[in-house]
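I'll drop the sequence and a predicted model, then ask my questions.
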Amino acid sequence: MAFSQQMKGLRSRVARGFRCVGLVALLVLPLPSVAGGAFLPGGDAPALVAAVDRWLESEEEDALREFAALARNGNPAARLLLAIIDKTPALQGPWLAHLPREERIALLRQPGGLSGRSWLHALAEHPLGAAWLALMDPATGPEVIARLEGLGESRAAREAMVMLAAREHPGLRALDPEDVDPDLIYLLWRGADEDRRAALLARVAPDSLQRALIDGSYDADRLAVWLAGSRIAAPLDAVCSEYCPDTRDTCLSGAYVALASHNALLTLGSPIEALVSQAEFLARPRGRASVLRRILQTHDARGRRATIAQMRDHDACLADVLEAEAERYRYRRPGSEVRNDD
(Lines give C-alpha, C1' and ligand atoms only; values in the text may rest on other atoms or scores of the structure.)
Protein backbone atom coordinates (compact mmCIF):
# COMPACT_ATOMS: atom_id res chain seq x y z
CA MET A 1 0.00 0.00 0.00
CA ALA A 2 1.40 3.43 -0.90
CA PHE A 3 2.16 5.80 1.93
CA SER A 4 -0.48 8.24 0.69
CA GLN A 5 -3.02 5.45 0.99
CA GLN A 6 -1.89 4.89 4.56
CA MET A 7 -2.61 8.54 5.25
CA LYS A 8 -6.10 8.17 3.80
CA GLY A 9 -6.68 5.18 6.07
CA LEU A 10 -6.58 7.38 9.18
CA ARG A 11 -10.28 6.96 9.86
CA SER A 12 -10.20 3.17 9.93
CA ARG A 13 -7.12 3.14 12.14
CA VAL A 14 -8.75 5.51 14.59
CA ALA A 15 -11.88 3.35 14.64
CA ARG A 16 -9.79 0.25 15.35
CA GLY A 17 -7.96 2.15 18.05
CA PHE A 18 -11.25 3.06 19.72
CA ARG A 19 -12.35 -0.59 19.68
CA CYS A 20 -9.02 -1.94 20.92
CA VAL A 21 -7.83 0.76 23.26
CA GLY A 22 -10.86 2.85 24.07
CA LEU A 23 -10.98 6.51 24.97
CA VAL A 24 -8.10 8.52 26.33
CA ALA A 25 -8.45 11.83 28.10
CA LEU A 26 -6.34 14.35 29.94
CA LEU A 27 -8.64 15.46 32.69
CA VAL A 28 -8.48 18.88 34.21
CA LEU A 29 -10.27 18.08 37.45
CA PRO A 30 -10.42 20.25 40.58
CA LEU A 31 -7.37 18.75 42.26
CA PRO A 32 -4.88 19.99 44.85
CA SER A 33 -1.83 21.56 43.28
CA VAL A 34 1.43 19.65 43.59
CA ALA A 35 4.33 21.88 42.53
CA GLY A 36 6.97 19.83 40.72
CA GLY A 37 5.05 16.60 41.23
CA ALA A 38 4.87 14.35 44.27
CA PHE A 39 7.88 13.70 46.47
CA LEU A 40 9.13 10.20 45.74
CA PRO A 41 11.23 8.74 48.57
CA GLY A 42 14.65 7.72 47.35
CA GLY A 43 14.38 9.88 44.26
CA ASP A 44 17.03 12.27 45.52
CA ALA A 45 19.53 9.57 46.53
CA PRO A 46 22.82 10.34 44.73
CA ALA A 47 23.16 6.80 43.41
CA LEU A 48 19.61 6.87 42.01
CA VAL A 49 20.09 10.30 40.43
CA ALA A 50 23.30 9.13 38.75
CA ALA A 51 21.67 5.91 37.54
CA VAL A 52 18.70 7.78 36.10
CA ASP A 53 21.07 10.04 34.21
CA ARG A 54 22.88 7.02 32.74
CA TRP A 55 19.55 5.45 31.80
CA LEU A 56 18.46 8.63 30.04
CA GLU A 57 21.71 8.48 28.08
CA SER A 58 20.82 4.89 27.06
CA GLU A 59 23.57 3.37 29.20
CA GLU A 60 21.01 0.71 29.89
CA GLU A 61 22.92 -2.18 31.43
CA ASP A 62 24.77 -0.15 34.07
CA ALA A 63 21.68 1.88 34.93
CA LEU A 64 19.30 -1.07 35.28
CA ARG A 65 21.73 -3.04 37.39
CA GLU A 66 22.03 -0.05 39.71
CA PHE A 67 18.24 0.35 39.85
CA ALA A 68 17.96 -3.32 40.77
CA ALA A 69 20.56 -3.02 43.53
CA LEU A 70 18.85 0.06 44.95
CA ALA A 71 15.44 -1.63 44.77
CA ARG A 72 16.71 -4.64 46.70
CA ASN A 73 18.09 -2.24 49.31
CA GLY A 74 14.68 -0.61 49.77
CA ASN A 75 14.76 2.49 47.52
CA PRO A 76 11.09 3.24 46.60
CA ALA A 77 11.97 5.36 43.55
CA ALA A 78 14.10 2.59 42.06
CA ARG A 79 11.33 0.06 42.74
CA LEU A 80 8.69 2.17 41.02
CA LEU A 81 10.90 2.88 38.02
CA LEU A 82 11.71 -0.80 37.57
CA ALA A 83 8.03 -1.71 37.85
CA ILE A 84 7.05 0.74 35.11
CA ILE A 85 9.92 -0.27 32.84
CA ASP A 86 8.88 -3.89 33.37
CA LYS A 87 5.33 -3.21 32.15
CA THR A 88 6.24 -0.82 29.30
CA PRO A 89 8.04 -2.43 26.32
CA ALA A 90 8.79 0.93 24.69
CA LEU A 91 11.01 1.80 27.67
CA GLN A 92 13.08 -1.35 27.21
CA GLY A 93 16.24 -0.91 25.15
CA PRO A 94 18.16 -3.51 23.13
CA TRP A 95 20.23 -4.84 26.03
CA LEU A 96 17.16 -5.54 28.16
CA ALA A 97 15.17 -6.88 25.21
CA HIS A 98 17.86 -9.51 24.54
CA LEU A 99 18.36 -10.53 28.16
CA PRO A 100 17.30 -14.14 28.91
CA ARG A 101 13.92 -14.38 30.63
CA GLU A 102 15.27 -15.57 33.97
CA GLU A 103 17.75 -12.71 34.12
CA ARG A 104 15.09 -10.18 33.17
CA ILE A 105 12.84 -11.39 35.98
CA ALA A 106 15.66 -11.24 38.52
CA LEU A 107 16.61 -7.75 37.35
CA LEU A 108 13.18 -6.10 37.15
CA ARG A 109 11.11 -7.82 39.84
CA GLN A 110 11.21 -8.84 43.47
CA PRO A 111 11.36 -12.55 44.31
CA GLY A 112 8.09 -14.47 44.56
CA GLY A 113 6.00 -16.95 42.61
CA LEU A 114 7.09 -18.49 39.32
CA SER A 115 7.91 -15.21 37.57
CA GLY A 116 8.72 -12.87 40.41
CA ARG A 117 6.42 -10.09 41.64
CA SER A 118 6.21 -6.49 40.50
CA TRP A 119 7.92 -4.05 42.83
CA LEU A 120 4.59 -2.20 42.93
CA HIS A 121 3.46 -4.64 45.60
CA ALA A 122 6.18 -3.28 47.88
CA LEU A 123 4.96 0.32 47.38
CA ALA A 124 1.41 0.09 48.74
CA GLU A 125 2.18 2.61 51.50
CA HIS A 126 3.38 5.30 49.09
CA PRO A 127 0.71 7.43 47.35
CA LEU A 128 2.19 7.03 43.88
CA GLY A 129 2.80 3.31 44.26
CA ALA A 130 -0.68 2.88 45.71
CA ALA A 131 -2.20 4.71 42.73
CA TRP A 132 -0.43 2.41 40.27
CA LEU A 133 -1.51 -0.60 42.30
CA ALA A 134 -5.10 0.61 42.27
CA LEU A 135 -4.95 0.95 38.50
CA MET A 136 -4.13 -2.75 38.23
CA ASP A 137 -7.47 -3.55 39.93
CA PRO A 138 -10.30 -3.87 37.36
CA ALA A 139 -12.75 -2.45 39.90
CA THR A 140 -10.91 0.86 40.12
CA GLY A 141 -12.80 3.83 38.66
CA PRO A 142 -11.95 7.32 37.37
CA GLU A 143 -10.87 8.42 40.84
CA VAL A 144 -7.45 6.92 40.10
CA ILE A 145 -7.00 9.47 37.30
CA ALA A 146 -7.61 12.27 39.79
CA ARG A 147 -5.12 10.70 42.18
CA LEU A 148 -2.39 10.53 39.54
CA GLU A 149 -3.10 14.07 38.34
CA GLY A 150 -2.97 15.31 41.91
CA LEU A 151 0.45 13.70 42.28
CA GLY A 152 1.72 15.56 39.22
CA GLU A 153 1.76 12.49 36.96
CA SER A 154 -0.20 13.70 33.92
CA ARG A 155 1.17 11.07 31.55
CA ALA A 156 0.32 8.31 33.98
CA ALA A 157 -3.17 9.80 34.38
CA ARG A 158 -3.67 9.56 30.63
CA GLU A 159 -2.48 5.96 30.71
CA ALA A 160 -4.98 5.31 33.48
CA MET A 161 -7.74 6.66 31.29
CA VAL A 162 -6.66 4.36 28.45
CA MET A 163 -6.92 1.36 30.73
CA LEU A 164 -10.26 2.36 32.24
CA ALA A 165 -11.73 3.00 28.80
CA ALA A 166 -10.48 -0.36 27.56
CA ARG A 167 -12.39 -1.85 30.47
CA GLU A 168 -15.42 0.28 29.47
CA HIS A 169 -15.74 1.48 33.02
CA PRO A 170 -19.23 3.02 33.47
CA GLY A 171 -17.83 5.87 35.54
CA LEU A 172 -16.38 7.41 32.41
CA ARG A 173 -19.87 8.30 31.16
CA ALA A 174 -20.27 10.73 34.04
CA LEU A 175 -17.29 12.88 33.06
CA ASP A 176 -18.29 16.47 32.38
CA PRO A 177 -16.90 17.77 29.05
CA GLU A 178 -16.25 21.08 30.79
CA ASP A 179 -13.67 19.29 32.95
CA VAL A 180 -11.78 17.84 29.97
CA ASP A 181 -8.92 19.41 28.08
CA PRO A 182 -10.54 21.13 25.06
CA ASP A 183 -7.99 19.52 22.74
CA LEU A 184 -9.25 16.07 23.75
CA ILE A 185 -13.02 16.38 23.46
CA TYR A 186 -13.09 13.75 20.71
CA LEU A 187 -12.19 11.10 23.26
CA LEU A 188 -15.60 11.42 24.89
CA TRP A 189 -17.40 10.67 21.62
CA ARG A 190 -17.72 6.92 21.86
CA GLY A 191 -20.88 5.82 23.62
CA ALA A 192 -22.29 9.34 23.86
CA ASP A 193 -25.96 9.88 23.07
CA GLU A 194 -27.18 12.44 20.54
CA ASP A 195 -27.53 15.28 23.03
CA ARG A 196 -24.11 14.66 24.52
CA ARG A 197 -22.50 14.50 21.08
CA ALA A 198 -24.05 17.84 20.18
CA ALA A 199 -22.57 19.33 23.34
CA LEU A 200 -19.18 17.82 22.56
CA LEU A 201 -19.12 19.15 18.99
CA ALA A 202 -20.02 22.60 20.27
CA ARG A 203 -16.65 22.65 22.02
CA VAL A 204 -14.65 21.53 18.97
CA ALA A 205 -13.53 24.19 16.47
CA PRO A 206 -14.58 23.51 12.86
CA ASP A 207 -10.94 23.33 11.71
CA SER A 208 -9.77 21.19 14.63
CA LEU A 209 -8.03 17.88 13.98
CA GLN A 210 -10.53 16.39 16.38
CA ARG A 211 -13.11 16.47 13.59
CA ALA A 212 -11.03 13.88 11.75
CA LEU A 213 -10.86 11.74 14.86
CA ILE A 214 -14.62 11.97 15.32
CA ASP A 215 -15.98 11.67 11.79
CA GLY A 216 -13.01 10.81 9.60
CA SER A 217 -12.96 14.12 7.71
CA TYR A 218 -9.22 13.81 7.19
CA ASP A 219 -7.27 16.77 5.83
CA ALA A 220 -3.49 16.57 5.32
CA ASP A 221 -3.05 20.32 5.77
CA ARG A 222 -4.98 20.27 9.04
CA LEU A 223 -2.83 17.43 10.33
CA ALA A 224 0.37 19.24 9.35
CA VAL A 225 -0.64 22.41 11.17
CA TRP A 226 -1.63 20.46 14.27
CA LEU A 227 1.58 18.44 14.36
CA ALA A 228 3.71 21.56 14.00
CA GLY A 229 2.27 23.26 17.05
CA SER A 230 0.51 20.81 19.35
CA ARG A 231 1.91 19.97 22.77
CA ILE A 232 0.46 16.50 22.33
CA ALA A 233 2.76 15.95 19.35
CA ALA A 234 5.85 16.76 21.45
CA PRO A 235 7.13 13.13 21.47
CA LEU A 236 7.16 13.05 17.65
CA ASP A 237 8.67 16.51 17.48
CA ALA A 238 11.46 15.41 19.82
CA VAL A 239 12.44 12.75 17.29
CA CYS A 240 12.02 14.84 14.14
CA SER A 241 13.67 18.01 15.44
CA GLU A 242 16.69 16.03 16.63
CA TYR A 243 17.21 13.63 13.73
CA CYS A 244 15.44 15.18 10.74
CA PRO A 245 15.35 18.96 11.25
CA ASP A 246 15.60 19.66 7.51
CA THR A 247 12.45 17.62 6.82
CA ARG A 248 10.67 18.20 10.12
CA ASP A 249 7.17 18.62 8.64
CA THR A 250 7.18 15.42 6.57
CA CYS A 251 8.94 13.59 9.40
CA LEU A 252 6.14 14.57 11.79
CA SER A 253 3.35 13.45 9.48
CA GLY A 254 5.20 10.24 8.64
CA ALA A 255 5.85 9.43 12.29
CA TYR A 256 2.22 10.12 13.19
CA VAL A 257 0.87 7.76 10.54
CA ALA A 258 3.52 5.11 11.27
CA LEU A 259 2.54 5.20 14.96
CA ALA A 260 -1.05 4.57 13.79
CA SER A 261 -2.60 5.45 17.13
CA HIS A 262 -3.50 8.90 18.42
CA ASN A 263 -4.22 7.26 21.76
CA ALA A 264 -0.69 5.85 21.94
CA LEU A 265 0.73 9.29 21.18
CA LEU A 266 -1.09 10.73 24.20
CA THR A 267 0.63 8.28 26.56
CA LEU A 268 4.23 8.59 25.35
CA GLY A 269 6.73 10.22 27.65
CA SER A 270 8.31 10.16 31.08
CA PRO A 271 7.54 7.05 33.15
CA ILE A 272 7.68 9.04 36.40
CA GLU A 273 7.46 12.81 36.20
CA ALA A 274 8.46 13.11 39.85
CA LEU A 275 11.88 11.85 38.72
CA VAL A 276 12.15 13.14 35.14
CA SER A 277 10.05 15.88 33.61
CA GLN A 278 8.32 15.21 30.30
CA ALA A 279 10.48 17.84 28.57
CA GLU A 280 13.75 16.41 29.85
CA PHE A 281 12.78 12.83 29.07
CA LEU A 282 11.94 13.66 25.45
CA ALA A 283 15.17 15.65 25.10
CA ARG A 284 17.35 12.68 26.08
CA PRO A 285 18.34 9.59 24.04
CA ARG A 286 16.23 7.18 26.09
CA GLY A 287 13.13 9.31 25.62
CA ARG A 288 13.54 9.63 21.87
CA ALA A 289 14.33 5.92 21.60
CA SER A 290 11.09 5.09 23.44
CA VAL A 291 9.12 6.99 20.79
CA LEU A 292 10.87 5.18 17.94
CA ARG A 293 10.46 1.84 19.69
CA ARG A 294 6.73 2.44 20.15
CA ILE A 295 6.37 3.24 16.45
CA LEU A 296 8.19 0.05 15.51
CA GLN A 297 6.08 -2.01 17.91
CA THR A 298 2.96 -0.92 16.07
CA HIS A 299 3.88 -3.36 13.31
CA ASP A 300 5.01 -6.98 13.13
CA ALA A 301 8.38 -7.72 11.53
CA ARG A 302 7.00 -7.86 7.98
CA GLY A 303 4.86 -4.77 8.45
CA ARG A 304 7.80 -2.92 9.94
CA ARG A 305 9.94 -3.55 6.89
CA ALA A 306 7.09 -2.49 4.61
CA THR A 307 6.47 0.69 6.60
CA ILE A 308 10.13 1.70 6.45
CA ALA A 309 10.27 0.99 2.72
CA GLN A 310 7.13 3.05 2.07
CA MET A 311 8.44 5.83 4.30
CA ARG A 312 11.32 6.44 1.90
CA ASP A 313 8.93 8.07 -0.56
CA HIS A 314 7.54 10.33 2.17
CA ASP A 315 10.56 11.14 4.35
CA ALA A 316 13.82 9.31 3.66
CA CYS A 317 15.42 10.70 6.81
CA LEU A 318 12.77 9.21 9.10
CA ALA A 319 12.99 5.94 7.18
CA ASP A 320 16.73 5.82 7.92
CA VAL A 321 16.13 6.63 11.60
CA LEU A 322 13.53 3.88 11.97
CA GLU A 323 15.71 1.39 10.13
CA ALA A 324 18.68 2.17 12.38
CA GLU A 325 16.52 1.78 15.49
CA ALA A 326 15.14 -1.55 14.27
CA GLU A 327 18.68 -2.70 13.62
CA ARG A 328 19.64 -2.03 17.25
CA TYR A 329 17.11 -4.66 18.31
CA ARG A 330 18.34 -7.33 15.93
CA TYR A 331 19.79 -10.20 17.94
CA ARG A 332 23.26 -11.37 17.05
CA ARG A 333 24.08 -14.78 18.46
CA PRO A 334 27.84 -15.31 18.71
CA GLY A 335 29.03 -17.25 15.66
CA SER A 336 25.68 -17.09 13.88
CA GLU A 337 23.97 -14.93 11.26
CA VAL A 338 22.02 -11.86 12.27
CA ARG A 339 18.37 -12.62 12.89
CA ASN A 340 15.41 -10.50 13.82
CA ASP A 341 14.44 -11.15 17.41
CA ASP A 342 11.18 -9.21 17.37
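Arrived safely, thanks for sending.

for stretch 121-131, what is the average pLDDT?
For stretch 121-131, mean pLDDT rounds to 94.

give the buried residues for that stretch.
Ala122, Leu123, His126, Leu128, Gly129, Ala130, Ala131 (16 or more other C-beta atoms under 10 Å). In short, each C-beta sits where N, CA and C put it, glycine included.

give me the local confidence score for the residue nearest to the third one when sequence neighbours are not counted.
The shortest distance from His126 to any non-neighbouring residue, by C-beta to C-beta, 6 or more residues apart in numbering, is to Pro76 (5.6 Å). Model confidence at Pro76, given as pLDDT, is 97.

give me the number of residues near Ala316?
A count of nearby residues for Ala316, using other C-beta atoms under 10 Å, gives 15.

correct me, but Ala134 touches Ala146?
No. Counting by C-beta atoms under 8 Å, Ala134 sits too far from Ala146 to count as a contact (11.3 Å).

quick check: the residue nearest to His126 touching Asp44?
No. The pair Pro76 and Asp44 does not pass the contact test of C-beta under 8 Å, sitting 11.4 Å apart.

more neighbours, these two?
Pro76 (22 against 11).

that one and Ala146, how far apart?
Distance, Pro76 to Ala146, by C-beta to C-beta, to the nearest Å: 22 Å.

for this structure, what helix or strand is lowest in average pLDDT?
helix 10-20 (a mean of 38; mean pLDDT, DSSP states H and E).

next SSE after it?
helix 46-56 (DSSP states H and E).

give the buried residues for that following helix.
Leu48, Ala51, Val52, Arg54, Trp55, Leu56.

so who does the last one touch?
Okay, so that is Leu56. Val276, Glu280, Phe281, Arg284, Pro285, Arg286, Gly287 (C-beta atoms under 8 Å, 6 or more residues apart in numbering).

repeat for the first one
By C-beta under 8 Å, 6+ apart, Leu48 lies in contact with Gly42, Glu66, Phe67, Leu70, Asn75, Ala77, Ala78.

out of those, flag the one nearest to Tyr331.
Relative to Tyr331, the closest of the contacts of Leu48 is Phe67; by C-beta to C-beta it sits at 23.3 Å.

my guess is that closest one contacts Ile84, does it?
No. Between Phe67 and Ile84 no contact is recorded; they are 10.9 Å apart, counting by C-beta under 8 Å.

more neighbours, those two?
It is Phe67, of Phe67 and Ile84, that has more neighbours when counted by other C-beta under 10 Å, with 26 against 19.

setting aside sequence neighbours, what's the nearest residue to that one?
Going by C-beta to C-beta, 6+ apart, Phe67 has Ala78 as its nearest residue, at 4.7 Å.

ok, now Arg286?
Leu56 (4.8 Å).

where does pLDDT dip in the stretch 1-150 of the chain?
The model of the stretch 1-150 of the chain has pLDDT under 70 over residues 1-38.

actually the stretch 151-300 of the chain, not the one I wrote
For the stretch 151-300 of the chain, the ranges with pLDDT under 70 are 180-181.

what segments of it are strands?
Here the stretch 151-300 of the chain has no strands by DSSP state E, counting those that start in this stretch.

which stretches in it count as helices?
Using DSSP state H, counting those that start in this stretch, the helices of the stretch 151-300 of the chain run over residues 154-166, 194-201, 210-215, 220-229, 234-243, 248-259, 262-267, 278-283, 285-297.

report the central residue of the chain.
Nearest to the mean C-alpha position of the chain, by C-alpha atoms, centre = their mean, lies Leu268 at 2.6 Å.

for that one, which non-adjacent residue is closest in space?
Using C-beta to C-beta, 6+ apart, the closest residue to Leu268 is Pro235 (4.0 Å).

what about that neighbour, how many residues close to it?
Around Pro235 there are 26 residues (other C-beta under 10 Å).

was I right to think it contacts Leu282?
Yes. Taking contacts as C-beta under 8 Å, Pro235 lies within contact range of Leu282: 5.9 Å.

identify the contacts common to the two.
Gly269, Val291.

any idea how far Ile272 lies from Leu123?
Applying C-beta to C-beta to Ile272 and Leu123 gives a distance of 12 Å.
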